[in-house]
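Undergrad: quick one, structure for this:
(chains A, B, C and D)
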4 protein chains.
Amino acid sequence: MDGRFEHELTVRYLEVDQQGVVFNAWYLAYLDDALTAFLAHRGLPYRALLDSGHDAQVVHTELDWTGALGFGDPASVAVDVAAVGTTSFTLAFEVRRDGTPVCAARTVYVCVATDGSGKRPLTPALRAALSPSAPAT
Amino acid sequence: MDGRFEHELTVRYLEVDQQGVVFNAWYLAYLDDALTAFLAHRGLPYRALLDSGHDAQVVHTELDWTGALGFGDPASVAVDVAAVGTTSFTLAFEVRRDGTPVCAARTVYVCVATDGSGKRPLTPALRAALSPSAPAT
Amino acid sequence: MDGRFEHELTVRYLEVDQQGVVFNAWYLAYLDDALTAFLAHRGLPYRALLDSGHDAQVVHTELDWTGALGFGDPASVAVDVAAVGTTSFTLAFEVRRDGTPVCAARTVYVCVATDGSGKRPLTPALRAALSPSAPAT
Amino acid sequence: MDGRFEHELTVRYLEVDQQGVVFNAWYLAYLDDALTAFLAHRGLPYRALLDSGHDAQVVHTELDWTGALGFGDPASVAVDVAAVGTTSFTLAFEVRRDGTPVCAARTVYVCVATDGSGKRPLTPALRAALSPSAPAT
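TA: Predicted structure coming up:
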């Protein structure tokens, strides 16, 4: 992946299990943090998305681990846009320890209304943030 | 404490840190689970409280540890009503491993409106659930 | 899926986000709880696996959501063995709300030594627990 | 409190419950993050403490909430040394939203051996980090 955008993360003590490595569920928290940071970097603070009455709902995610993270490790998540559809988009992620990939992931998000009324076309602001030419802020 | 009501809990693998014991923050999750179970036992499912437009908001909590919990340990939380006021109530908790106390805790809850408009007197259903004569269901 | 084994779960208040549904990362906690319950049901308490110097490490997981879980919803995770190899095995999961599927998942686990020395062939006890003829305990 | 040391934190989406505020248990995660950041700032990376065979174990904590945190709120934790004993020390914390206190907390830590053999006198490095004259790094 390209992964020009990289979100730094700090492993929490509580995220490390008795095997001494970050438990798998926390990677989904990392991806969510990275999504938020990525959209903000592309000019769309997540709160602005919510305030517009929209949210990004995860409908599919897959993760492949080739390594692990420990407490105190320098870690980051690289983010790429993999696909953009009418009501959905896909991001590719790479979680890295000191630059080395430890987990590759892909997540499909559907744009939904925050009032619970279901799917919506991607908002213009969201579509712009996901476009290759989005100006980094 | 009396602790006639005891809520069984199962330690999750992810709750155990690299020292091999449950990380402190999860005890607040256990207390919350125990509150829900206690109120249901006393005839007030938490969802009914929420549906009535009320919630119990934690304003103070204190915990003292004398032991620890590991993965697979048989564990429970005993619950007692320590005080009942006009808009607040206090519960005493004892987290136990195989019957032996590992953590004593007290939490003060304020009854609030779910619409964000602030404090409310305890609802009659909540007051009844907290009274000594509450019939266990 | 067959899903004859079904693990009941209780949604925690803290697992529900401001959209009123369980946040995606908690599903990985549910799958882990279900793995533990499934192996115990098949005669292998997870602690016995750990005590034998082995652990099951997640190397791949994928999840597809078609619904959501709210606080207080009756929920469960059905578990099936999808594949068994030399050093790895795959489980299929279905998270259900009141019997209706809300999330389908597959996870690939590798058997590793707990001393950090890497992959191991599935232990006889683990292989037996995963076999179709495993007696439910 | 003095609170000259202030650790910035980012509220995670998953930490916010269906009332739209950070669930109480996450404050203990915030305090732990702040402890780690504070010790590092005072010249003792937490990993160095662990590598020396010592850890800081929480034996008492108390929290008082006067406000709440929402997703996207600018938040921080101020840290002060409240007391230093032979084998234990106490930190005072103030969680702030945009500079305004939302939670005051105190935590008592005991210095323990990481091999599970119990209490230890504070190590010289830990004692130095907790002293008023500790040079900020």
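Undergrad: of all residues in chain A, which one is nearest the centre?
TA: Among the residues of chain A, A:Leu35 comes closest to the average C-alpha position under C-alpha atoms, centre = their mean, at 3.0 Å.
Undergrad: so that residue sits in a helix?
TA: Yes. Under DSSP: H, G, I helix; E, B strand; the rest coil, A:Leu35 sits within a helix.
Undergrad: how close does the closest residue to A:Thr100 other than its chain neighbours sit to B:Tyr13?
TA: Ranked by C-beta to C-beta, 6 or more residues apart in numbering or on different chains and with sequence neighbours excluded, the top spatial neighbour of A:Thr100 is A:Gly67, at 6.7 Å. C-beta coordinates here come from the backbone N, C-alpha and C atoms, glycine included. Remark: distance between A:Gly67 and B:Tyr13 (C-beta to C-beta, to the nearest Å) = 20 Å.
Undergrad: next: A:Ala105.
TA: When distance is defined by C-beta to C-beta, A:Ala105 is 21 Å away from B:Tyr13.
Undergrad: give the residue farthest from the middle of chain A.
TA: Here chain A reaches farthest from its C-alpha mean at A:Gln18, the gap being 26.4 Å by C-alpha atoms, centre = their mean.
Undergrad: for that one, list the residues it contacts.
TA: A:Gln18 sits next to B:Tyr13, B:Val16, B:Asp17, B:Gln18, B:Gln19, B:Gly20, B:Phe71 when contact means C-beta atoms under 8 Å, 6 or more residues apart in numbering or on different chains.
Undergrad: now, which of the residues you listed lie within strands?
TA: When these are checked against strands (DSSP state E), there are no matches.
Undergrad: any residues touching the lowest-mean-pLDDT helix or strand in chain A, and which ones?
TA: When the helices and strands of chain A are compared on mean pLDDT, DSSP states H and E, helix A:46-51 comes out lowest with a mean of 93. When contacts are defined by C-beta under 8 Å, 6+ apart, helix A:46-51 is touched by residues A:35-36, A:39-40, A:55-56, A:114, A:123, A:125-126, D:13, D:71-72.
Undergrad: if we go to 10 Å?
TA: Defining contact as C-beta atoms under 10 Å, 6 or more residues apart in numbering or on different chains, one finds that helix A:46-51 is touched by A:32, A:35-40, A:45, A:54-56, A:111, A:114, A:123, A:125-126, A:129, C:18-19, D:13, D:70-73.
Undergrad: show me what contacts A:Val102?
TA: A:Val102 makes contact with A:21-22, A:27, A:64-69, A:73, A:75, A:94-96 under the criterion C-beta under 10 Å, 6+ apart.
Undergrad: ranges for the strands of chain A?
TA: Along chain A, the stretches classed as strands by DSSP E are A:5-10, A:54-65, A:74-84, A:88-97, A:100-113.
Undergrad: as a markdown table, the ones you listed with mean pLDDT and distance to B:His60 would be great.
TA: Written out in a markdown table, the entries for the strands of chain A read as follows (pLDDT from 0 to 100; distance: least, C-beta to C-beta, whole Å):
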| stretch | mean pLDDT | distance to B:His60 |
| --- | --- | --- |
| strand A:5-10 | 96 | 29 |
| strand A:54-65 | 97 | 33 |
| strand A:74-84 | 97 | 35 |
| strand A:88-97 | 98 | 38 |
| strand A:100-113 | 97 | 37 |
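Undergrad: now for the contacts of A:Gln18: which two are most distant?
TA: Distances among the contacts of A:Gln18 were taken as C-beta to C-beta; the most separated pair is B:Tyr13 and B:Gln19, at 14.4 Å.
Undergrad: settle it for me: which of A:Gly67 and B:Tyr13 has more neighbours?
TA: Using other C-beta atoms under 10 Å in any protein chain shown, the more surrounded residue of A:Gly67 and B:Tyr13 is B:Tyr13, with 20 against 12.
Undergrad: how about the residues of chain A by chain C?
TA: By C-beta under 10 Å from any C-beta of the partner chain, the part of chain A that sits against chain C consists of A:17-21, A:23-32, A:50, A:55, A:57-66, A:68, A:103, A:105-108, A:110, A:112, A:114, A:116.
Undergrad: are any of the contacts of helix A:46-51 buried, and if so which?
TA: Buried residues within the contacts of helix A:46-51, defined by neighbour count using 16 or more other C-beta atoms under 10 Å in any protein chain shown: A:32, A:35-40, A:45, A:54-56, A:111, A:123, A:125-126, A:129, C:18-19, D:13, D:71-73.
Undergrad: hang on, the earlier thing: weed out the non-buried ones from the contacts of A:Val102.
TA: With neighbours counted using 16+ other C-beta under 10 Å, the contacts of A:Val102 contain these buried positions: A:Val21, A:Val22, A:Tyr27, A:Asp64, A:Trp65, A:Ala68, A:Leu69, A:Asp73, A:Ala75, A:Glu94, A:Val95, A:Arg96.
Undergrad: my guess is A:Asp73 meets A:Asp98, correct?
TA: Yes. Using C-beta atoms under 10 Å as the test, A:Asp73 is close enough to A:Asp98 to be in contact (6.8 Å).
Undergrad: what's the overlap in contacts for those two?
TA: Shared between the contact lists of A:Asp73 and A:Asp98 (criterion: C-beta under 10 Å, 6+ apart) there are no residues.
Undergrad: returning to that earlier point: quick check: the residue farthest from the centre of chain A vs B:Gln19, distance?
TA: 8 Å.
Undergrad: what touches both of these two?
TA: Between them, A:Gln18 and B:Gln19 have B:Gly70 as joint contacts when contacts are counted by C-beta under 10 Å, 6+ apart.
Undergrad: does stretch A:123-135 come close to chain D?
TA: No. Applying C-beta under 10 Å from any C-beta, one finds stretch A:123-135 separated from chain D by no less than 15.7 Å.
Undergrad: using CSV, write out the CA atom coordinates for that stretch.
TA: Output in CSV follows, covering the C-alpha atoms of stretch A:123-135 (Å, rounded to 0.1, in the frame of the first residue of the first chain):
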residue,chain,number,x,y,z
THR,A,123,-22.0,13.4,1.6
PRO,A,124,-20.0,15.8,-0.7
ALA,A,125,-17.7,16.5,2.2
LEU,A,126,-17.0,12.8,2.8
ARG,A,127,-16.5,12.2,-1.0
ALA,A,128,-14.1,15.1,-1.2
ALA,A,129,-12.1,13.9,1.8
LEU,A,130,-11.8,10.4,0.1
SER,A,131,-10.7,11.8,-3.3
PRO,A,132,-7.1,11.5,-4.3
SER,A,133,-6.8,15.2,-4.7
ALA,A,134,-8.0,16.0,-1.2
PRO,A,135,-5.8,18.7,0.1
